[in-house]
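Visitor: Structure for this input, please:
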Amino acid sequence: MDIAPYTCRFGSYSLAGPQDGNALAELLRAHSLPGDTRLSMRREPDFFAHRNPLGKQAVVMGRTPRGEPMFMCEMREYPVYLSGQPTRAVYLGPLRLAGEYGRHVGVLEHGFLALRNFARRLEFADEFFTAVSHDDIRTRALLEARLPRLPRHDKLGAVRSLLLPVPPGPAAPDLPEDYDLEPAEPRDAKDLEGLLAVSGASWSYAPALGAAQFTALRTQDRDLRPVSDLLVLRHKGLAVGCVGGWDQRGQRQMVVEGYSAGAAPRRTLFSLVGRDPPPMPAPGDRLELVYLPVVS
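Guide: Residues are numbered from 1 along each chain as shown. Just a heads-up that it's a prediction; the model follows:
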């Protein structure tokens, strides 16, 4: 669909494509998430290789009249639970402003207007959500200030991500008697749907996958097979839990840009104490991430 750009006094916002890949990659490299450990999120070597297997997606990019990148944000539509009911919502991120434009609230205001414009034209869902780093105090203060030209942001809760070091070599789980851990098959789709409904319906924006979507993930989507495996935990034949690992290292990366002054000594101490502790990554190291969602 050919959609006209959204224009304003700062420049123009348009749907990005492969021709914008280098500019998008540079915007991601230039920004690190604040905190004791500064991390940058990257999508290399091809920004558009990481496609959404569960719905629509689009990237909006803003450029100045001289063609310089000033704004980027991606929209991804997912099936989620909201107030206990399955619906669809649009996740916004990563949102980046280039250099000096990070100080222009107007660039952000028109960026959100452009996102709304393109979402409507592409028939995305009306509900939007995002996640902001707890340490990104400046962004949180801006979005939660209820400025008249910015969309209303309501804080719903906090999400904590744990980094778990993986020991070398395969490790078979030591399960109690009457428990079995088996690779999921298409015939397990209804059991997986039920587990996710029980676990996720009480959490806003938790994934709401139906049996048909689980079957598609396991049998049709080439991005998720074979790099993603679902395992089902059974107790006397009854499904009581599941876990899925999605290896995205070839499409998404998290790079350590550095440590705060207070975190540097702790990093050294952590790397020296304990029994065979995994070393803290050095600045410039890439975290080898595999996402591990668990439902029980």
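Visitor: Glu144: how many residues sit nearby?
Guide: Residues contacting Glu144 under the criterion other C-beta atoms under 10 Å number 14. Where you see a C-beta, it was placed from the backbone N, CA and C, and this is true even at glycine.
Visitor: show me the contacts for it.
Guide: 153, 155 (C-beta atoms under 8 Å, 6 or more residues apart in numbering).
Visitor: Please report how far it lies from Leu82.
Guide: For Glu144, the distance to Leu82 (C-beta to C-beta, to the nearest Å) stands at 20 Å.
Visitor: do Arg187 as well
Guide: For Arg187, the distance to Leu82 - C-beta to C-beta - is 29 Å.
Visitor: With neighbour numbers in mind, choose between these two.
Guide: A count of neighbours by other C-beta under 10 Å puts Leu82 above the other of Arg187 and Leu82, at 17 against 8.
Visitor: how close does the more buried one get to Arg140?
Guide: Using C-beta to C-beta, we find Leu82 at a distance of 22 Å from Arg140.
Visitor: any low-confidence regions in the protein?
Guide: Low-confidence segments of the chain (pLDDT under 70): 1, 162-172, 217-228, 264-279, 289, 291-296.
Visitor: can you do 50?
Guide: 226-228 (pLDDT under 50).
Visitor: residue ranges for the helices of it, please.
Guide: 21-29, 105-121, 137-143, 189-200, 211-219, 263-272 (DSSP state H).
Visitor: Please name whichever of those helices is nearest to Met72.
Guide: helix 21-29 (5.2 Å; C-beta to C-beta).
Visitor: which outside residues touch that closest one?
Guide: Here helix 21-29 has contacts from 16, 40-44, 46-48, 59, 61, 69, 72, 94, 96, 98, using C-beta under 8 Å, 6+ apart.
Visitor: Strands - which of those residues land there?
Guide: Using DSSP state E, 40-42, 59, 61, 69, 72, 96 are the members of those that sit in strands.
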